[in-house]
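A.B. asks: coords below, sequence missing:
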């Protein structure tokens, strides 16, 4: 049985093979991407024998919600269990009129960033494009009917550029006007710095890029973000500068987790300004989220 959200399954070809009119694909996609159908039987404008055949050959949902957490600020987090028992998290963020979701691309993470609990056990496997899109649909269902998601960030568990092909397929569904019809400027991929893939992602997917920077000098970033030993700050920022020139000064977002006494000195602040000089940038200073066993502490508010 196939996951109907995987684009490898050509719905048009399947309908033709089963001797249904191809226009039914448009109706099925509308039900899928509105995110309101919990089963094929909910697709009330489809004939019963088509719904039965879809039920026999496809699955809509391949994950189950293990935990649903809600915060007083409106944030909602889902812990999902995949069909093979793996678990991932995804989050809905509410900020004024913005409705942003943060979704995962892998089970676990291979980057080994020492301040991040997601990578403690390494990476188990890549998510399929269907599993990536499914997170978006499950989070969309948390919104009332008069609200729509405004932004998508692939910034949860995993390094999206190490699952490039499936992330690319998922973004294709998200941006397709027959799918979810998101603007490329409203989709952001977050990377720890897989330099060769950044330019390719810009060219082939066209989405926005966010970089997990977290340090202003190589000796510190080598420890915090070990991929820096392969592609250091000079290579990373040089590549971004070249890419931005080609992209008409499109802004890059830099994420910077604030760690007490590690990367939060005045010298770091001045170095950060110098590093990013001339590069259209947005910098997110992120409070460190303490977790059991971590050697790091959150920077003070000052």
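C.D. replies: Everything's here; your move. Model, not experiment: these values are computed from the prediction.
A.B. asks: what pLDDT does the residue sitting nearest the centre point of the chain get?
C.D. replies: With distances taken as C-alpha atoms, centre = their mean, the chain has residue 154 as the residue nearest its mean C-alpha position (1.5 Å). Among the per-residue scores, residue 154 shows a pLDDT of 96.
A.B. asks: So it is in contact with residue 191, correct?
C.D. replies: No: under the criterion of C-beta atoms under 8 Å, residue 154 lies out of contact with residue 191, with a separation of 9.3 Å. Any C-beta I mention is one placed from the backbone N, CA and C, and that applies to glycine too.
A.B. asks: Overlap of the contact sets of these two?
C.D. replies: Taking C-beta atoms under 8 Å, 6 or more residues apart in numbering as the criterion, residue 154 and residue 191 both touch residue 160.
A.B. asks: now the helices for the protein?
C.D. replies: Listed from the start of the chain, the chain has helices (DSSP state H) covering 11-17, 24-34, 48-57, 129-140, 164-175, 195-204, 218-224, 233-246, 266-275.
A.B. asks: what about the spatially closest residue to residue 187 that is not a sequence neighbour, how many neighbours?
C.D. replies: Taking C-beta to C-beta, 6 or more residues apart in numbering, and ignoring the residues beside it in sequence, residue 187 has residue 207 as its nearest neighbour in space, at 4.2 Å. Counted with other C-beta atoms under 10 Å, residues neighbouring residue 207 total 25.
A.B. asks: Got the phi and psi for residue 207?
C.D. replies: phi -80, psi 180 (degrees, to the nearest 10).
A.B. asks: Kindly state the pLDDT recorded for it?
C.D. replies: Looking at residue 207, its pLDDT stands at 89.
A.B. asks: residues in contact with residue 16?
C.D. replies: Residues in contact with residue 16 (C-beta under 8 Å, 6+ apart) are residue 22.
A.B. asks: Against residue 40, how distant is the closest residue to residue 20 other than its chain neighbours?
C.D. replies: Spatial nearest neighbour of residue 20, excluding adjacent residues (C-beta to C-beta, 6+ apart): residue 50 at 5.6 Å. With distances defined as C-beta to C-beta, to the nearest Å, the gap from residue 50 to residue 40 amounts to 8 Å.
A.B. asks: who's more crowded, those two?
C.D. replies: With other C-beta under 10 Å as the criterion, residue 50 and residue 40 differ in neighbour count, and residue 40 comes out ahead with 22 against 18.
A.B. asks: In this structure the more buried one contacts residue 57, no?
C.D. replies: No: counting by C-beta under 8 Å, residue 40 stays clear of residue 57, with 9.9 Å between them.
A.B. asks: Can you name the residues that contact residue 242?
C.D. replies: residue 199.
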